[in-house]
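>>> One predicted model, sequence on top.
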Amino acid sequence: DTGVSQDPRHKITKRGQNVTFRCDPISEHNRLYWYRQTLGQGPEFLTYFQNEAQLEKSRLLSDRFSAERPKGSFSTLEIQRTEQGDSAMYLCASSNRDSEAFFGQGTRLTVV
Amino acid sequence: AQSVTQLDSQVPVFEEAPVELRCNYSSSVSVYLFWYVQYPNQGLQLLLKYLSGSTLVKGINGFEAEFNKSQTSFHLRKPSVHISDTAEYFCAVKNSGYALNFGKGTSLLVTP
C-alpha cells in the first residue's frame, strides 16, 4: 500500500471556476478527513467521513464546498465559484481508529 | 473547546545540538496528543503519539515527547539534531470528537 494519495498535487484556477480534488485513502481505512492549511498555519478540519457517511462538517465548509465519499473508498472535495481566499493546501487523511491519521501529500490550490 | 498553543513560531539550532519544541493544550477531559512533521510542499508525517500509559513517548527519527498532565504540556525533544530535521512541526490534540486540532506550527531550522 502506498499510503494516502491525492490528485492533483497542484491546481491553478481562475476566480469563479469550479475545482474538484480526489483523495484515495489507505485501503483498509474506513475513516477519511479533509483539512485545509493556509500559509503559516496549522491544518484546519473541514469534514469527516466514516465509510460513506459524512458525520461531521466544520463551519469552515461553506455552501460552496461539497465533499463526497460515494462507496466508502475514495473521496472528492469540490469547490464551486472559487475565490482567492480559497487558495490553500487541501489535505486528506485516513485512519481506521482514533489513534492516528495518515496524511496525503496534499493538493495546493491557487486561485488567480 | 480544546486548543493547542505552540509557544515558538521559529526555533533556530545548530547541528548536533539538543532541541525542545514546546506545546501546551487546553482541555478539561482526557486527550490524545500527537506531533507531526511537515517537509516543504509535503503532507504531514506522524512523529509520535500519546494515547495513555507511560508519559514519555518515543517516536521516529530519535524524537521523544513527555506528556505532563498537570502542566497540560506535550513538549517534543531531540538530544542531537541533524540538518535533515529542518521542517515544520505541528502539535495536535484530539478528545471525543473526530478531528485533530492543530497548533500553528514551529519552524525548526538546523544550521551547520
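Here it is on my side, so go on.
>>> Please count neighbours and contacts with C-alpha atoms only from this point.
OK.
>>> Checking the residue lying closest to residue A:76 once chain neighbours are set aside next. Helix, strand or coil?
Spatial nearest neighbour of residue A:76, chain neighbours left out: residue A:22 (4.5 Å); criterion: CA to CA, 6 or more residues apart in numbering or on different chains. Secondary structure assignment for residue A:22 (DSSP: H, G, I helix; E, B strand; the rest coil): strand.
>>> Let's test this: what are the backbone torsions at residue A:84?
Residue A:84 adopts backbone torsions of phi -60, psi -30, taken as degrees, to the nearest 10.
>>> residues touching it, list them.
A:15, A:110, A:111, A:112 (CA atoms under 8 Å, 6 or more residues apart in numbering or on different chains).
>>> Just the element for the second one, please.
It stands for residue A:110. strand A:107-111 (DSSP states H and E).
>>> who does that strand pair up with?
Here strand A:107-111 has these sheet partners by DSSP bridges: strand A:10-13 (parallel), strand A:88-95 (antiparallel).
>>> closest point of chain A to chain B, which residue?
Relative to chain B, the nearest point of chain A is residue A:105 (3.8 Å; CA to the nearest CA).
>>> and the residue in chain B that chain A sits nearest to, what does it touch?
For chain B and chain A, the shortest gap (CA to the nearest CA) falls at residue B:43, measuring 3.8 Å. By CA under 8 Å, 6+ apart, residue B:43 lies in contact with A:91, A:103, A:104, A:105, A:106.
>>> What is the neighbour count of the second one?
Other residues within reach of residue A:103, judged by other CA atoms under 10 Å in any protein chain shown, total 27.
>>> Return the most buried member of the strands paired with strand A:107-111.
strand A:88-95 (a mean of 26; mean count of other CA atoms under 10 Å in any protein chain shown).
>>> quick one: average pLDDT of that one?
What strand A:88-95 shows for mean pLDDT is 95.
>>> Number of residues surrounding the residue nearest to residue A:76?
Residues near residue A:22, counting by other CA under 10 Å: 21.
>>> hang on, it packs against residue A:73?
No. Look at residue A:22 against residue A:73 with CA atoms under 8 Å: they stay out of range, at 10.9 Å.
>>> Just the pLDDT at residue 105, thanks.
The chain I'm using is chain A. Taking residue A:105 on its own, its pLDDT is 93.
>>> Not quite, go with chain B.
pLDDT, read off for residue B:105, is 96.
>>> Contacts only, for the residue of chain A closest to chain B.
Per CA under 8 Å, 6+ apart, neighbours of residue A:105: A:4, A:5, A:6, A:9, A:91, B:41, B:42, B:43, B:44.
>>> Can you report how many residues neighbour residue B:80?
Considering only other CA under 10 Å, residue B:80 is surrounded by 13 other residues.
>>> same deal with residue B:40?
Neighbours of residue B:40 under the rule other CA under 10 Å: 8.
>>> Also residue A:2?
Neighbours of residue A:2 using other CA under 10 Å come to 7.
>>> Pretty sure residue A:87 sits against residue A:39.
No. Between residue A:87 and residue A:39 there is no contact under CA under 8 Å: 9.4 Å.
>>> if you count what's nearby, which of these two comes out ahead?
For residue A:87 and residue A:39, the more surrounded residue by other CA under 10 Å is residue A:87, and the numbers stand at 20 against 10.
>>> Spatially nearest residue to that one (excluding sequence neighbours)?
Using CA to CA, 6+ apart, the closest residue to residue A:87 is residue A:110 (4.7 Å).
>>> For that neighbour, the count of nearby residues, please.
That count, for residue A:110 with other CA under 10 Å as the rule, works out to 19.
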